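**Student:** just need the structure, nothing else, for what follows:
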Amino acid sequence: MAGIDKTYTNSWKEYKEFIKWAEKQVFVCPNGMKLNLINYCYNWDNDPGKEFPVMNTSCSIDYFLIHYCPFKFVQDRMIEVYGEDYVKSVLAGASEYDAFEKLDKFKKLKIVRGKYFQHKNYLWKVRRYKPCFEITVHDKEGTLWYNKDYNTWVNNHELGYWTCNVAYKCKSVRALIKQIYKWHLPAGCTIRAEGRYYDEDLIIYTK
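**Tutor:** Residues are numbered from 1 along each chain as shown. Predicted coordinates for the structure are as follows:
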């Protein structure tokens with residue numbers, strides 16, 4: 001989801017017109033996540049007098065820009081980075097994002113315990129030093145990415161955004177299980193909840 005990095009212009013007028021348009025653009029992903037375009041734009045108070053960056057976007061934002069952005073300098077940048085074939089696939093609804101289907105939520109969990117710790121003092125201490133697990137999730141294709149704003153996990157092939165590659169949550173196994181059931185994870189995921197020390201972890205499979 002890294003995207004194309006920065007999009008540039010050397011026109012102050014073009015920048016101001018784009019920002020005025022961007023302030024009104026909120027893209028809604030199929031999973032319900034909202035992407036506010038203006039949050040990806042640079043705030044310039046004065047004309048730099050030379051070429052300068054307008055925005056720094058993710059692949060998901062770029063997907064919507066290809067569909068809806070009326071500015072030629074943006075569309076030229078999309079073609080420059082992604083190529084004409086990819087841009088055409090997005091416009092035709094045939095990109096990897098269009099092909100992605102969210103699988104049904106898992107039905108049950110299987111817990112595998114190793115050398116598990118019982119004392120909460122051995123957990124990670126974040127968020128004002130509250131003890132909690134460090135949680136990572138993988139599916140059959142690789143790593144899922146955590147979005148703390150929506151308390152959910154995002155696939156690389158899914159439109160949306162992520163805030164971290166791990167989640168710090170819960171200080172007991174019971175609370176952790178309740179939390180997992182709130183996540184819309186498909187079957188076949190591996191959830192790893194770790195403590196601060198070697199071999200202190202809990203492995204959970206979704207089925």
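
**Student:** strands of this structure, residue ranges please.
**Tutor:** For the chain, the strands defined by DSSP state E occupy 5-9, 26-28, 34-36, 52-57, 109-113, 124-126, 130-138, 145-147, 152-154, 167-169, 190-194, 201-206.

**Student:** list the buried residues in the longest one.
**Tutor:** Yep, that's strand 130-138 we're talking about. For strand 130-138, the buried set under the neighbour-count rule, 16 or more other Cβ atoms under 10 Å, comprises Pro131, Cys132, Phe133, Glu134, Ile135, Thr136, Val137. Where you see a C-beta, it was placed from the backbone N, CA and C, and this is true even at glycine.

**Student:** kindly report the same for the first one.
**Tutor:** By neighbour count, with 16+ other Cβ under 10 Å as the criterion, the buried positions of strand 5-9 are Thr7, Thr9.

**Student:** what does stretch 143-161 give?
**Tutor:** 144-147, 150, 152-155, 158-161.

**Student:** repeat that for stretch 83-103.
**Tutor:** For stretch 83-103, by 16+ other Cβ under 10 Å, it's Tyr86, Val87, Ser89, Val90, Ser95, Tyr97.

**Student:** in this protein, which ranges drop under the pLDDT threshold?
**Tutor:** Within the chain, the segments meeting pLDDT under 70 span 1-4, 113-130, 199.

**Student:** what about the helices in it?
**Tutor:** 12-22, 59-68, 72-82, 84-91, 96-99, 173-182 (DSSP state H).

**Student:** need the outlier residue of this structure, farthest from its centre.
**Tutor:** Gly49 (34.5 Å; Cα atoms, centre = their mean).

**Student:** what's the spacing between that residue and Ala22?
**Tutor:** According to Cβ to Cβ, to the nearest Å, Gly49 and Ala22 sit 22 Å apart.

**Student:** contacts only, for the residue nearest to Ile203 when sequence neighbours are not counted.
**Tutor:** In space, Ile203 comes closest to Val112 once its chain neighbours are excluded; the distance is 4.2 Å by Cβ to Cβ, 6 or more residues apart in numbering. With contact taken as Cβ atoms under 8 Å, 6 or more residues apart in numbering, Val112 is in contact with Leu202, Ile203, Ile204, Tyr205.

**Student:** how about the contacts made by the last one?
**Tutor:** In other words, Tyr205. Applying Cβ under 8 Å, 6+ apart, the residues near Tyr205 are Leu109, Lys110, Val112, Gly188, Cys189, Thr190, Ile191.

**Student:** what bridges to it?
**Tutor:** Beta-bridge partners recorded for Tyr205 (DSSP bridges): Lys110, Thr190.
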